[in-house]
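Participant: Structure here, sequence nowhere to be found:
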């Protein structure tokens, strides 16, 4: 009887703890992934229209867990011809690799907000990335706005235009689920 009561109390504690977590669904309406690529002649803005995933957090922003899948085929830029080229094997190879994925591994407090670290998988390669962010978590609501951060496209095998197209690509991420 005592073991049964202890088990019920433990189950209630676990259920209460799980209920305290906020888990929201991410999609292309509430989650934006944008980029700026540059070269000597100028820059091009772009992003992805279709994303999916979840954001889960307890009461503290440092508990935030992100899982975001990006539909690479939804890529857009400010120039139609460039969009087609970025989807080709020279860059994203969207037919062979139609998705990219980010899974956070930790969120740390920093001087100007938070630092989100996780694994970014593109073109079949996974690399660790970190970015600064402002994060707010309330029951049923998650807001994350990243500062601009850079990745080196060559780390995922995108080497087309080496010397003409900058290796560093600027990214921003915004999540606003209400």
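Facilitator: Perfect, I can see it now. Being a predicted model, the structure only gives us computed values, none of them experimental. Numbering: from 1, shown residues only.
Participant: Going by secondary structure, residue 133 is in what exactly?
Facilitator: Assigned by DSSP states H and E, residue 133 belongs to strand 125-138.
Participant: Mind giving me the packing neighbours of that strand?
Facilitator: strand 99-110, strand 113-122, strand 141-146, strand 149-152, strand 168-177 (3 or more Cβ pairs under 8 Å, 6 or more residues apart in numbering; DSSP states H and E). Just so you know, the C-beta spots here come from the backbone N, C-alpha and C atoms, and that holds for glycine as well.
Participant: Who is residue 145 paired with across the strands?
Facilitator: Note on residue 145: beta-bridge partners by DSSP bridges are residue 134, residue 174.
Participant: what's the neighbour count on it?
Facilitator: 16 (other Cβ atoms under 10 Å).
Participant: Make sure it is actually in contact with residue 131.
Facilitator: No - if you go by Cβ atoms under 8 Å, residue 145 and residue 131 don't touch, sitting 10.6 Å apart.
Participant: any shared contact partners between those two?
Facilitator: residue 173 (Cβ atoms under 8 Å, 6 or more residues apart in numbering).
Participant: Just send the helices and strands packed on strand 125-138 back as CSV, with mean pLDDT and distance to residue 93 too.
Facilitator: Formatted as CSV, those follow (pLDDT from 0 to 100; distance: least, Cβ to Cβ, whole Å):
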stretch, mean pLDDT, distance to residue 93
strand 99-110, 98, 11
strand 113-122, 98, 10
strand 141-146, 94, 25
strand 149-152, 98, 17
strand 168-177, 96, 16
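Participant: Now stretch 98-114: buried residues?
Facilitator: Across stretch 98-114, burial judged by 16 or more other Cβ atoms under 10 Å covers 100, 102, 104, 107, 113-114.
Participant: Next, give me the two most distant ones among the residues you listed.
Facilitator: 100 and 113 (24.4 Å; Cβ to Cβ).
Participant: Same question for stretch 139-153: list its buried residues.
Facilitator: Quick answer for stretch 139-153 (16+ other Cβ under 10 Å): 142-146, 149, 151, 153.
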